[in-house]
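Q: Here's a sequence, model it:
(chains A, B, C and D)
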Number of protein chains: 2
Amino acid sequence: MNKENLEESTYNAIIKLILENHFKPGDFLLETEITALLNLKSRTPVHHALGQLVAKGFLAKKNKKGCFIPALSPEDVEHVFFARENLEYQNAASAAIHASDEEIAQLQAIIQEEVTTGKTGDIVAYSAINEKFHQFIAQISKNQYLQQYSQHIFWRSNAYIFFYYYQFKVSRVDTEFKVSPAQHMKIMEAIKRRAADEAGTLMKQHIRRTFEGFSKSIS
Amino acid sequence: MNKENLEESTYNAIIKLILENHFKPGDFLLETEITALLNLKSRTPVHHALGQLVAKGFLAKKNKKGCFIPALSPEDVEHVFFARENLEYQNAASAAIHASDEEIAQLQAIIQEEVTTGKTGDIVAYSAINEKFHQFIAQISKNQYLQQYSQHIFWRSNAYIFFYYYQFKVSRVDTEFKVSPAQHMKIMEAIKRRAADEAGTLMKQHIRRTFEGFSKSIS
DNA sequence: AAACGCATTAATGCGTGCATTAGGCTTTGG
DNA sequence: CCAAAGCCTAATGCACGCATTAATGCGTTT
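A: You can find the predicted model right below:
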C-alpha cells in the first residue's frame, strides 16, 4: 500500500468534514479555516485538495474567492437523480452479468447487515450501509468508469438527503428504513437470477421511489 | 466570464498536450519538464493541475514518482466504450426532449462544419469538430452531471483512438471521415423530430460502430 | 435617497527553496 | 559472476511569504 501523504490525507479529511455536514451548501470552505481545523502547518495541501474536489465536481469554485458546496436547487436535484437512475441501472444490469457467486453472497451479507441496522433507527449508520450496498453493486459491475461516476452522483444525491433531513427533520427517513431493504433484496435476487434488465429496472424504480418520497416530503 | 488564472490555463494546456499525443501511455509527466514546455516560472501550477487531472481520472499517479497516462488495455477500452455508449444514449435521448429550436439549428451548423472539415482530411481538426458535436449534444441535454461524465469518457476514448492512430497509422480514420458525418446527421434528425429513444439508439449504434471499426483495425 | 467610486481587507494565487524519498547505480561480499 | 546492500540523484512534497484581486463598506456626489 502506498504510504498516504499529507495531500491525500487532507483530501480525505475534507471529504469527511463535508459528509459529516460541517458545511452548509453555499458556505465557503476557507483554506485558512480548514488548515486550522485539521491542524496543518500550511495551506498548501489544503489548496491542493480543494482543487481536486473541484475537479471531481464535489465543490464549485469562484476565482480568488474560494470553494463552496454547490447550492442545492429543485432543478439540480432532478438532474442528480436522473443521472443516478441511469447510471445505477447500468450497474445493476452489469452486476447481474459479471458478479461471481461469492460476490453475490457478499451482497446478501450486506443486506443482512442493512436489515439489522435499519431496526436501530440510526440514520448515520443506515446511510453508511446503504452506501455500501450501492457501491458494492457498482463494484461488481467491474467497470471502473461507471463505478467512479456512480460514486460521485451518489454522494451528490446524499447531500440532498442529508440536507433535507437536517433541515426539516422529516421522518421520511424512518419509513425509508423499512421500505429500502425490501427493494434491495429484490434487486439482489434479480442479480442472483442473472436477470440483467430486471435488476436494472428494479434499481431504477428503487431510486426513483427514493427521490419521489423525498421530494414529496418537502413540498 | 471568469478571467483564467495560471492554474486553469496550465490545466488546459496539459490536456492539450495529452490530446495532441505528446506523451505515450506509461510515460511519466514530469513537473519540471512540463514547466519548461509551457514556459512557466514555477512548478506550482503544474503540480496543482496534475493533481486535478489525477482526480478526474485522466492520469494515474505513483507517490513521489509522478503522474502518467494510464496504460491502455483491451479490457479498459471495452469499459470505456461501454460507459460511453450508455452515457451518450442518455444525452441524445435527453437532447431530443430538451433542445430548443435554436440549439437544433446550431447542431446543424456543427454538422455542416464537420462535413467540410472531413473533406480536408486533417485528423486533428476533424477530431476537434467531432468532439464539438458530442459535447454539444451533452450540453443540450441540460444535465450537468451527464455532461461532465460524458466529457470525461469521451476524452478517455479519444486517448485510444489517437494512440492507435499514431501507433499503427491505420487508415480507418479516413473512412471515419465519410461514415461519421452521415451518422451524426441521422442523430440530429431524430433529435429534430423529438424522437428520444431513436436518437439515443442511433447514438449508441454510432459509438459501437466507432469502437468496432477501431478494434477490428488493430486485431 | 440612491448610486457611484475609492480604499481597505481578507482571501486565493503563486514563486522560491528546502525536505523527503523512490529507484537506479555502484560497490562489495559470497 | 551474481546478488544484496547502500549511496546518489532526480523528482515530488511541502512550508513560507509576498503578489494579486474580488468583495465590502464608507464617503461623496447627484
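Q: which other residues reach stretch A:146-163?
A: A:19, A:21, A:24-25, A:56-58, A:69, A:72, A:77, A:80-81, A:83-84, A:87-88, A:90-91, A:94, A:127, A:131, A:134-135, A:138-139, A:141, A:173, A:210, A:214, B:57, B:79, B:82-83, B:86-87, B:145, B:149, B:152 (CB atoms under 8 Å, 6 or more residues apart in numbering or on different chains). (C-beta placed from N, C-alpha, C; glycine too.)
Q: now swap in stretch A:12-28 and tell me
A: A:29, A:34, A:37-38, A:46, A:49-50, A:53, A:58, A:65-72, A:155, A:158-159, A:162-163, A:166.
Q: Looking at those, which are in strands?
A: Of the contacts of stretch A:12-28, the ones assigned to strands by DSSP state E are A:L29, A:G66, A:C67, A:F68.
Q: beta partners of the last one?
A: Bridge pairing for A:F68 (DSSP bridges) gives the partners A:F28, A:A60.
Q: so how far is A:E31 from it?
A: Distance of A:F68 to A:E31, computed by CB to CB, to the nearest Å: 12 Å.
Q: Spell out which residues of chain A are next to chain B.
A: With CB under 8 Å from any CB of the partner chain as the criterion, chain A comes near chain B at residues A:2-3, A:5, A:7, A:47-48, A:51-57, A:62-64, A:76, A:79-80, A:82-83, A:86-87, A:90, A:142-146, A:148-149, A:152-153, A:156.
Q: Drop anything exposed from those.
A: The neighbour-count test (16 or more other CB atoms under 10 Å in any protein chain shown) marks A:7, A:47-48, A:51-57, A:76, A:79-80, A:82-83, A:86-87, A:90, A:142-146, A:148-149, A:152-153, A:156 as buried among the residues of chain A next to chain B.
Q: quick one: the residue in chain A positioned nearest to DNA strand C and A:L37, what's the gap?
A: Taking CB to the nearest atom of the strand, DNA strand C has its nearest neighbour within chain A at A:E31, 3.3 Å off. In this structure, A:E31 and A:L37 are 11 Å apart, going by CB to CB.
Q: Which one's more surrounded, these two?
A: Between A:E31 and A:L37, counted using other CB atoms under 10 Å in any protein chain shown, the more crowded position is A:E31 (19 against 15).
Q: wait, doesn't that one sit right on A:V46?
A: Yes: at 4.9 Å, A:E31 counts as touching A:V46 under the criterion of CB atoms under 8 Å.
Q: Grab the nearest non-local neighbour of whichever residue of chain A sits closest to DNA strand D.
A: With CB to the nearest atom of the strand, the shortest gap between chain A and DNA strand D falls at A:L6, namely 2.9 Å. What sits nearest to A:L6 in space, not counting adjacent residues and going by CB to CB, 6 or more residues apart in numbering or on different chains, is A:P45, at 4.5 Å.
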